[in-house]
Each structure stands twice: as C-alpha cells, then as structure tokens.
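> give the three-dimensional model of this entry:
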Amino acid sequence: MTDAKGHNTSEGYLRYSRKKRLFLGALAASLFLLSLITIKLGSTDLSFSEIIRYIFDPDDSWNSKVVWDLRLKMVVAAILAGSALGIAGCVMQSILRNPLASPLTLGLSNAAAFGASLGILFLQGGLIVGSTAAYVTISNPLMVTVLAFAFAMTATGIMILLVKVTECTPETIVLAGLAISSIFSAGLAFLQYIADDVALSAIVFWQFGSLSKVSWDNLYIVAAVLFAAAVYFFYKRWDYNAMEAGDDIASGLGVNMKATRYVGLTMATALTAVVVSFMGIIGFIGLIGPHIVKKVIGNDNRYVLIGSMLVGSLVLLVAYVIGTYAFYTVIPVGIITSAIGGPLFIFILLRGRRRR
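Here you go, the predicted model:
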C-alpha cells in the first residue's frame, strides 16, 4: 500500500513501530544493568555472578542477607514506585489533556502528607518510640498509612465532585488540584506548628520520600495494585489515544468520556496513594517520565504507558544512587527528584508559553 507520494505506508509503519520497540528495549536493558550496579554498590564487595546467585538462590550467609534485605529491597522499591508514579502521571495527562497533570500538581501528595501527619500527631496520642527529636520511629505506621491513603482518595473525590457539579473542563481540574494542594498544605503547616519537637520530627521525616521506609510486605501490596492498575490502563490505551485528540473526536469514536475519565483518575490516584502512603512524597516522577518518553517516541499510549513506567523507574533508581552515594550522608530520594523535577516543571511552563 502506498500513499499519495508513492511511499510504502506499511514499511513506514513498521519502521515507526520498530523505533518505539527499540527505545523501550533500551530502557528495559538500562534498568536491568543499573539495578545490578546499584546492588553491587556499597561496602560489601560482591561480583555480579554472586549477586545473581544470591537473588535466585538465597542462603543464610551475611552477603545473601545484604543482597535481599538491604540492596535488592531498595532496587525493587525504586522500580515499583517509579513505575507506579510514571504510569499514573501518563494517564492523568492523557485523560485531562494537560501536560502539567501529575500526582503532585493535582494535590494528591499534599493530601496524603496531611493524613499521615494527622495520624502521627493525634491518633497515636503522642506515643512515639524513640523519645528524641533526632531519631523517631512511628509507633503505629499502619494507621499513618491508612490515613495517608484515605486523604489522597478524598482529594480525588473532591476533584470528581467539582467536575460533576460545575461541568468544568479537564484544564480546570488541574487548577482545582492546585487549589486543593494549597488547602492541604496549609493544614499540614498548621499541624507542624502545633506539634512538639518529637512529633514534628516524625512529620517532617515522613514527608521526605524515602525508599528505606518500606518492607517486603509493603512492596507486595504496591506490586499488586500496580499490576491491577496497569492491566486496566493497557486495556484502555486506545481510549486514551482518542482522548488525546479531543473530547469531540473521542466521543465520535465511541469513548464514554465521563466514565473513562472518572475511573482512570480514580485508579491513578489509588496507585499514587499506595506509593505515597508507604514511601512519603516523591515528587515529579509522574511529570518527568511521560514527558521524556513523548519527546522521543510521540504520544501513542501503546508505547508511552510502558515507557513512562520504565523511565520513572530509571529516574527514581538514579535518584536513589545519587542520594545514597554522592554525599557524605544519605539524602532521601524525594529531595533528589524534586531538585530534578522543579527545573523541568519551569521548562514545560516556558515551552507551553512559547507555543501559544
């Protein structure tokens, strides 16, 4: 089959698809190699063959415990959290048709932080193990996690209610998210103001996005939610492609706009809330991942969804390596990702202004 200029469209489409698959393959290979290198880093000198052996055949030796209980857990946490935040940001940007949509800009992270702070300050009655402000261990992390998740979902419910009541546009949802973020940020500041030194230390430490907070049981939960959400998102990938072209075109192609938008936003929020409730605020992954992928291979969600997961994992894993080994003390990954994402956010704003 040829087009008006005599070009073979079938061959062109194959090249188009091959480029995207090669890009995704390169990302997957890079993530695998970086994961092995990250596990190797540290004071315990392990060869790559030993690392692979301990991963697939663990024993009771010290090196095996280092690989499984310390380094591999951090790598898996980075991959799962980066994938979750990356695909959540990709879906939010598609269904809202706004390149600035992400879990952070929609207020979900601040809402989760407010819920966690509420649990730390009030529901534990001030009973925090580790009686100094310098080192604090939260005595009831389950309640903190549940409240963080509940308030993130509450923020989503408020946005969906605003959409139903006011019939606002997808662009307006982002503005509503910024307003919700501001409200929860004010509430968070108030809780910090009335907290004592120990509770304040716990609140501030929780807000720092850190991979060291999670256990293997937490990661199993994140993996289960990620799998369920990713399956749904891939099932709806053609609908998201249609929505990128505009509401009228998508409706003409048979897409149920309201249902697709509400369910997609709720699933992305649930995915984000699980990550934030276990690991704290890790900003800008949901903004960085989709933009990098779309810059290279375009807006086709058949590939962008996978690419966003891989890039999110890579960025978060790089942030973990930098925060762990580049400074004299360990820096939480949330600080590193914010340092990367802030300038990118400004770049996106300026780029959009030039286009207009």
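
> next, the distance between the ends of stretch 42-55.
With Cα to Cα, to the nearest Å as the measure, stretch 42-55 spans 17 Å from end to end.

> which positions in it come out as buried?
Of the residues in stretch 42-55, 46, 51, 53-54 count as buried by neighbour count, 16 or more other Cβ atoms under 10 Å. Yep, even glycine has a C-beta here, placed from its N, CA and C like the rest.

> now the two most distant members of those residues.
Distances among these were taken as Cβ to Cβ; the most separated pair is 46 and 53, at 9.6 Å.

> just to revisit the earlier point, narrow the buried residues of stretch 42-55 to those in helices?
In helices, defined here by DSSP state H, the members of the buried residues of stretch 42-55 are 51, 53-54.

> where does pLDDT dip in the stretch 251-356 of the chain?
Applying pLDDT under 70 to the stretch 251-356 of the chain flags residues 345, 348-349, 351-356.

> can you tell me the centre-most residue of this protein?
Residue closest to the mean C-alpha point of the chain, counted by Cα atoms, centre = their mean, is residue 85 at 1.7 Å.

> helix, strand or coil: sort out it for me.
helix (DSSP: H, G, I helix; E, B strand; the rest coil).

> save the buried residues of stretch 42-55 as TSV, and put in pLDDT too.
Formatted as TSV, the buried residues of stretch 42-55 follow (pLDDT from 0 to 100):
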residue	pLDDT
46	76
51	81
53	82
54	79
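
> for the one helix or strand residue 77 maps to, name the packing helices and strands.
Element membership for residue 77 (DSSP states H and E) is helix 73-96. Judged by 3 or more Cβ pairs under 8 Å, 6 or more residues apart in numbering; DSSP states H and E, the packing partners of helix 73-96 are helix 9-40, helix 170-194, helix 216-235, helix 237-244, helix 257-279, helix 285-297, helix 301-325.

> got TSV for those helices, with distance to residue 108 and mean neighbour count too?
Output for those, formatted as TSV (distance: least, Cβ to Cβ, whole Å; neighbours: other Cβ atoms under 10 Å):
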stretch	distance to residue 108	mean neighbour count
helix 9-40	25	14
helix 170-194	8	17
helix 216-235	14	16
helix 237-244	19	20
helix 257-279	5	23
helix 285-297	9	24
helix 301-325	16	24
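
> just put the ones you listed in JSON lines and tack on distance to residue 81.
What follows is these, written out as JSON lines (distance: least, Cβ to Cβ, whole Å):
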{"stretch": "helix 9-40", "distance to residue 81": "13"}
{"stretch": "helix 170-194", "distance to residue 81": "20"}
{"stretch": "helix 216-235", "distance to residue 81": "7"}
{"stretch": "helix 237-244", "distance to residue 81": "22"}
{"stretch": "helix 257-279", "distance to residue 81": "5"}
{"stretch": "helix 285-297", "distance to residue 81": "8"}
{"stretch": "helix 301-325", "distance to residue 81": "6"}
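
> residue 66 is nearest to which of these?
Nearest of those (Cβ to Cβ): helix 9-40, 9.1 Å.

> list just the nearest of the buried residues of stretch 42-55 to residue 287.
The shortest approach to residue 287 among the buried residues of stretch 42-55 belongs to residue 51, at 32.5 Å (Cβ to Cβ).

> returning to what we had before: out of the buried residues of stretch 42-55, flag the one nearest to residue 261.
Looking at the buried residues of stretch 42-55 and their distance to residue 261, the nearest is residue 51, at 44.0 Å (Cβ to Cβ).

> wouldn't that closest one be in contact with residue 39 here?
Yes - counting by Cβ atoms under 8 Å, residue 39 is a contact partner of residue 51 at 5.2 Å.

> need the residues touching each of those two.
Common contacts of residue 51 and residue 39 (Cβ atoms under 8 Å, 6 or more residues apart in numbering): residue 67.

> without its sequence neighbours, what residue ends up closest to residue 319?
Nearest non-adjacent residue to residue 319, counting by Cβ to Cβ, 6 or more residues apart in numbering: residue 336, 3.9 Å away.

> residues touching that neighbour, list them.
Contact partners of residue 336, counting by Cβ under 8 Å, 6+ apart, are 319-320, 322-323.

> what's the most distant pair in the residues you listed?
320 and 322 (7.4 Å).

> wait, what's in contact with the residue nearest to the centre of the chain?
By Cβ under 8 Å, 6+ apart, the neighbours of residue 85 are 103, 272, 275, 282, 285-286, 289, 312, 316.

> just the ones in helices among the buried residues of stretch 42-55 now: which is nearest residue 186?
Proximity of those to residue 186 (Cβ to Cβ) peaks at residue 51, which lies at 46.8 Å.

> distance of that closest one from residue 31?
Computed with Cβ to Cβ, to the nearest Å, the distance linking residue 51 and residue 31 is 15 Å.

> now residue 340
Separation of residue 340 from residue 31 (Cβ to Cβ): 17 Å.
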